[in-house]
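*Asks:* Requesting a structural model of the entry that follows:
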Amino acid sequence: MNMQVVRNTVVTLDYSVTDPEGELVDAGQEPLVYLHGGYDDIFPMIEEAVHEKRVGESVIVKMQPDDAFGEYDADLIQVESRKGFPKELQVGMQFEGVPDSGDDDDILIYRVTEIADDKVVLDGNHPLAGMALVFTCTVTDVRPASAEEIAHGHIHDHDADCEHDD
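*Replies:* Numbering: from 1, shown residues only. The predicted structure is shown next:
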């Protein structure tokens with residue numbers, strides 16, 4: 001039986017992401033598994049493109065930065081004193097932080113982009129911010145979502161217990 005991708009199905013996609021020139025950005029080592037139907041589990045443009053597809057069908061979705069990880073925001077660059085960081089600091093390391101402009105709910109992941117004598121430059125932008133991206137996705141599996149998955153709005157791994165907020 002070859003199910004169609006419709007609301008409240010769990011969809012498995014093999015995917016890869018390139019930039020508009022065809023340079024690989026994300027090889028999609030792990031398939032993407034998500035609950036279909038407007039649960040914000042996946043970019044809306046991809047969800048629309050995959051809607052009503054069947055196993056084996058592919059889509060190519062070209063996304064502008066606004067549709068993907070957002071425009072690059074220069075305000076998310078922060079320069080901090082070297083003192084506050086661990087000794088083994090390297091470019092590319094990631095830290096959670098709160099932007100100067102934000103309240104405590106705005107936790108971002110900051111990447112270390114530069115280390116000078118006593119200063120560290122942190123970038124709170126997603127590594128793919130400001131980039132147009134091309135997603136190539138092939139539907140490899142479609143199954144009905146369980147009532148519990150629908151109630152929670154996300155998929156459940158069979159080996160992971162869901163945290164219940166009772």
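
*Asks:* check contacts around the residue in the chain sticking out farthest from the centre.
*Replies:* Farthest-out residue of the chain from its mean C-alpha position, per Cα atoms, centre = their mean: Asp117, at 33.4 Å. By Cβ atoms under 8 Å, 6 or more residues apart in numbering, Asp117 lies in contact with Arg82. Where you see a C-beta, it was placed from the backbone N, CA and C, and this is true even at glycine.

*Asks:* Surely Glu47 is within a strand?
*Replies:* No - Glu47: not assigned to a strand; according to DSSP: H, G, I helix; E, B strand; the rest coil it is helix.

*Asks:* Lowest-scoring secondary structure element of this protein by mean pLDDT?
*Replies:* Least confident helix or strand, the chain: strand 94-97 with a mean of 88, by mean pLDDT, DSSP states H and E.

*Asks:* That one: how far from the chain's middle?
*Replies:* Offset of strand 94-97 from its chain centre (Cα atoms, centre = their mean, to the nearest Å): 17 Å.

*Asks:* helices or strands up against it?
*Replies:* Here strand 94-97 is seen to pack against strand 108-115 when contacts are counted using 3 or more Cβ pairs under 8 Å, 6 or more residues apart in numbering; DSSP states H and E.

*Asks:* Flag every buried residue along the strand it packs on.
*Replies:* 108, 110-112 (16 or more other Cβ atoms under 10 Å).

*Asks:* Go through the residues you listed and say which is closest to Pro86.
*Replies:* Of all the buried residues of strand 108-115, Val112 has the smallest distance to Pro86: 10.7 Å, by Cβ to Cβ.

*Asks:* All set, thanks.
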